[in-house]
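Q: predicted coordinates and the sequence they were generated for:
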Amino acid sequence: MSYLISLVIGLGVGLLYGALDFRSPAPPAIALVGLLGMLAGEQLWPMGRQLVAGWTS
């Protein structure tokens, strides 16, 4: 369900950008790399916390 909500919101923002004739501040390839970095960081944070917790216990 989260994926569907994310997709719908993304489409809505894209439509709004198009309706306002507003260009995205980053080229699509750069934006995708940024999203990849966000996803990686989101996954690395809990892994790092578990690693530090293992070292301290």
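A: It's in.

Q: now the strands: where do they sit in this structure?
A: Ranges of strands in the chain, per DSSP state E: none exist.

Q: residue nearest the centroid of it?
A: L35 (4.2 Å; Cα atoms, centre = their mean).

Q: for it, what are its contacts?
A: Not one residue lies near L35 by Cβ atoms under 8 Å, 6 or more residues apart in numbering. Quick note: C-beta positions are derived from backbone N, CA and C, even for glycine.

Q: got it, and the one 5 residues further on?
A: Remark: with contacts taken as Cβ under 8 Å, 6+ apart, A40 is in contact with nothing.

Q: what about it, distance to G48?
A: 12 Å (Cβ to Cβ, to the nearest Å).

Q: repeat for D21
A: Counting by Cβ to Cβ, the gap from D21 to G48 is 42 Å.

Q: which one's more surrounded, the two?
A: G48 (11 against 6; other Cβ atoms under 10 Å).

Q: read off the pLDDT value for that one.
A: On the pLDDT scale, G48 is placed at 84.

Q: with A26 instead?
A: pLDDT at A26 comes out at 69.

Q: same check, this time on W55
A: 89.

Q: what does L11 give?
A: 84.

Q: neighbours of V52, how many?
A: Using other Cβ under 10 Å: V52 sits among 10 other residues.

Q: what comes up buried for the lengthiest helix in the chain?
A: If you go by DSSP state H, the chain has its longest helix at helix 28-56. The neighbour-count check on helix 28-56 (16 or more other Cβ atoms under 10 Å) flags nothing as buried.

Q: that one: how far from the chain's middle?
A: Offset of helix 28-56 from its chain centre (Cα atoms, centre = their mean, to the nearest Å): 11 Å.

Q: before we move on, what about stretch 38-57?
A: That offset, for stretch 38-57, works out to 18 Å (Cα atoms, centre = their mean).

Q: now it - C-alpha only, PDB.
A: The C-alpha coordinates for stretch 38-57 follow below in PDB (Å, rounded to 0.1, in the frame of the first residue of the first chain):
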ATOM      1  CA  MET A  38      18.400   8.400   0.000                       C
ATOM      2  CA  LEU A  39      17.300   4.700  -0.200                       C
ATOM      3  CA  ALA A  40      20.800   3.500   0.600                       C
ATOM      4  CA  GLY A  41      21.100   5.900   3.600                       C
ATOM      5  CA  GLU A  42      17.700   4.800   4.900                       C
ATOM      6  CA  GLN A  43      18.900   1.200   4.900                       C
ATOM      7  CA  LEU A  44      22.400   1.800   6.200                       C
ATOM      8  CA  TRP A  45      21.200   3.800   9.300                       C
ATOM      9  CA  PRO A  46      19.500   0.800  11.100                       C
ATOM     10  CA  MET A  47      22.400  -1.500  10.000                       C
ATOM     11  CA  GLY A  48      24.900   0.900  11.500                       C
ATOM     12  CA  ARG A  49      22.900   1.200  14.700                       C
ATOM     13  CA  GLN A  50      22.900  -2.600  15.000                       C
ATOM     14  CA  LEU A  51      26.600  -2.800  14.400                       C
ATOM     15  CA  VAL A  52      27.400  -0.200  17.000                       C
ATOM     16  CA  ALA A  53      25.000  -1.900  19.500                       C
ATOM     17  CA  GLY A  54      26.900  -5.200  18.900                       C
ATOM     18  CA  TRP A  55      30.200  -3.500  19.600                       C
ATOM     19  CA  THR A  56      29.000  -1.900  22.800                       C
ATOM     20  CA  SER A  57      27.400  -4.900  24.300                       C
END
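
Q: that's all I had, so thanks and see you.
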